[in-house]
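S.K.: what's the 3D shape of this:
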Amino acid sequence: MKRNNYIKKIAIGATSLMLIMTSAMNAQFLEDALRLDYGMLGSSARALSMGSSFLAVSDDFSASFYNPAGLAQIRKFEIAGGIRHTNFRNDALYLGTITNARGSSTNLDNLGIVIPIPTLQGSLTLAIGYNRVNDFTQISMFEGFNENDSIIPDLFLSRHEMSYYLWLSDSTGTTPFMGDLYQWGSQEEFGAINNWNISGGIEVVPDFFLGATLNLISGNYRQTFTFEEEDIHNTYDTFPNDFEYLFVEDYIDARISGFNALLGGLYNMNGIFKIGATIRTPTRYSIEEEYSTYGLSEFTTPDDEGFNWYEDEFDAVIDYDVSTPWQFSAGAAVSLSGVTVSAAADYRDWTQLEFRNAPSSILAINRTIREVLEPATDLRLGAEFALPMFPIAIRGGYIHQPSPYKNAPSELNRNYITGGIGIKIQDVIYLDLAIIRGLWESDLFVYDYDVWNENQGAWQAVTRVVNEDIVKNSVIFSFRYRF
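M.R.: Numbers count the residues shown, from 1 in each chain. Coordinates of the predicted model:
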């Protein structure tokens, strides 16, 4: 059952749908642009087990991602590949109640070939392949009894007056259903960023290498947000306000494409000390996003023998671009007596993050980006110990990714502990295993709006946030075959 002018609503043109899209729940929040690059770890079990501090090592196919100059160190053909399994746990606090959620994904981590080109002097090496560099897997579930407010006003403001079509508010958004409702919901996110690369490295003078990678990027992002409210204590029991239940579902399906380039240099001093640096150009992402939202409400019938139910739904498609910041990286590695210690740092000015080719309401987010974000430097440390007399290497590392938000509490920084092992078989086959454990906290905004407080004679902000305590574990297995 729907109000009559709902027919008028679904006749909105494409331009209006894009404007709806920009105000709909979380559809174009700053985080949609930020997640494309923030949290990127890289690929390859060997590199990841060393805390991704591989910029100054870069002596296998993964150099195509970390520092393509390192490819010129490889003098044999190499075939490399790997898979990654990610397990995710989220302990979410909402209205004083903690709810546990878990999820997992298994995907191809990398696959590539390294081709040395015969030269009269120095070296020239090419590589082509695939690296999965960013994983969006995340799940949150929450619930609790809310004595004070409801999502209903937000439905009116952010979903094109949905609460009116569900008979939950009048035409101004005013609702009698505020508080004494049991609420629960979930948000599931899946997807990844994939790099398809063509790389090359050259030894321009003895022990000094230069390289470049062209990344063609593909990816996808899927998000499902559900939210439910129920009058479990029968607080609203008078017709026509005999409200029983509300269900809302938002769905986003985004297809991602883009490109960038990575330029690198590496200097090897006597095979003991290496230093390197890279510059990654801004990534130009093109995103085609489908968005849909659905709402259902139920009321007790006047004879208390059943329910009246009302539905509302709409969908939209929008295209926009995102440009990410320049990234400047530097690293060093020391190798002596079978022990390698490495470090790397990545600098990005997140105020350069920018929406492009989008409606004006989305472009307005660029001002918010400059106001709330700041530059940040990721730090990576790692070590590798080759056991004497055995073809085995033991590895460990640490990754620190500070939050790009100004004045963010330390709990929002992402920290990873890494470890792993490598086995060499007759200097031809290399098997590597990595384990990564990431820990951080995050906030999920459920709804946010202002209401007029008659007693105080002023507007009052209503914000409901889920506080998330996140643990993300990954196991990566890789192989390398050189011949």
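
S.K.: what ranges do the helices span in the chain?
M.R.: With DSSP state H as the criterion, the chain has helices at 6-9, 14-23, 30-34, 45-49, 63-66, 152-158, 162-165, 360-363, 365-372.

S.K.: Mind putting those into JSON lines with mean neighbour count?
M.R.: Bear in mind the C-beta positions are built from the backbone N, C-alpha and C, glycine included. Supplementary listing: the helices of the chain in JSON lines, determined by neighbours: other C-beta atoms under 10 Å:
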{"stretch": "helix 6-9", "mean neighbour count": "13"}
{"stretch": "helix 14-23", "mean neighbour count": "17"}
{"stretch": "helix 30-34", "mean neighbour count": "19"}
{"stretch": "helix 45-49", "mean neighbour count": "31"}
{"stretch": "helix 63-66", "mean neighbour count": "31"}
{"stretch": "helix 152-158", "mean neighbour count": "23"}
{"stretch": "helix 162-165", "mean neighbour count": "24"}
{"stretch": "helix 360-363", "mean neighbour count": "14"}
{"stretch": "helix 365-372", "mean neighbour count": "14"}
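
S.K.: To Val114, which of those lies closest?
M.R.: In terms of C-beta to C-beta, the element of the helices of the chain nearest to Val114 is helix 63-66, at 8.4 Å.

S.K.: what does the closest one contact?
M.R.: In this structure, residues lying in contact with helix 63-66 by C-beta atoms under 8 Å, 6 or more residues apart in numbering are 42-44, 47, 52, 54-55, 57-58, 69-71, 73-74, 112, 127, 129, 131, 133, 195, 197, 199, 201, 211, 213, 262, 278.

S.K.: same check, this time on stretch 475-483
M.R.: With contacts defined as C-beta under 8 Å, 6+ apart, stretch 475-483 is touched by 43-46, 48-49, 60-61, 76-85, 109-110, 420, 427-436.

S.K.: Put the buried members of these into a ChimeraX selection.
M.R.: A single ChimeraX command selects the buried members of those (16 or more other C-beta atoms under 10 Å):
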select :43,44,45,46,48,49,60,61,78,80,81,82,83,84,109,110,420,430,432,433,434,435,436
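
S.K.: List the ones among the contacts of stretch 475-483 that fall in strands.
M.R.: Here DSSP state E is the test, and those give 78-85, 109-110, 420, 429-436 as lying in strands.

S.K.: So, low pLDDT: which residues of the chain?
M.R.: Under the criterion pLDDT under 70, the flagged ranges of the chain are 1-29, 304-306, 454.

S.K.: Listing partners with orientation, what would you give for the longest strand along the chain?
M.R.: Longest strand in the chain by number of residues, with DSSP E as the criterion: strand 243-269. Here strand 243-269 has these sheet partners by DSSP bridges: strand 208-230 (antiparallel), strand 273-280 (antiparallel), strand 284-300 (antiparallel).

S.K.: How about that strand, which residues are buried there?
M.R.: For strand 243-269, a neighbour-count test (16+ other C-beta under 10 Å) marks 243-250, 252-254, 256, 258, 260, 262-268 as buried.

S.K.: what does stretch 171-180 give?
M.R.: 173, 175, 177-178, 180.

S.K.: Can you mark which positions in stretch 226-245 are buried?
M.R.: By 16+ other C-beta under 10 Å, the buried positions in stretch 226-245 come out as 226-229, 231, 236, 242-245.

S.K.: roughly how far is that stretch from the heart of the chain?
M.R.: Here stretch 226-245 is found 36 Å from its chain centre; the criterion is C-alpha atoms, centre = their mean, to the nearest Å.

S.K.: Can you get me the start-to-end distance on that stretch?
M.R.: 14 Å (C-alpha to C-alpha, to the nearest Å).
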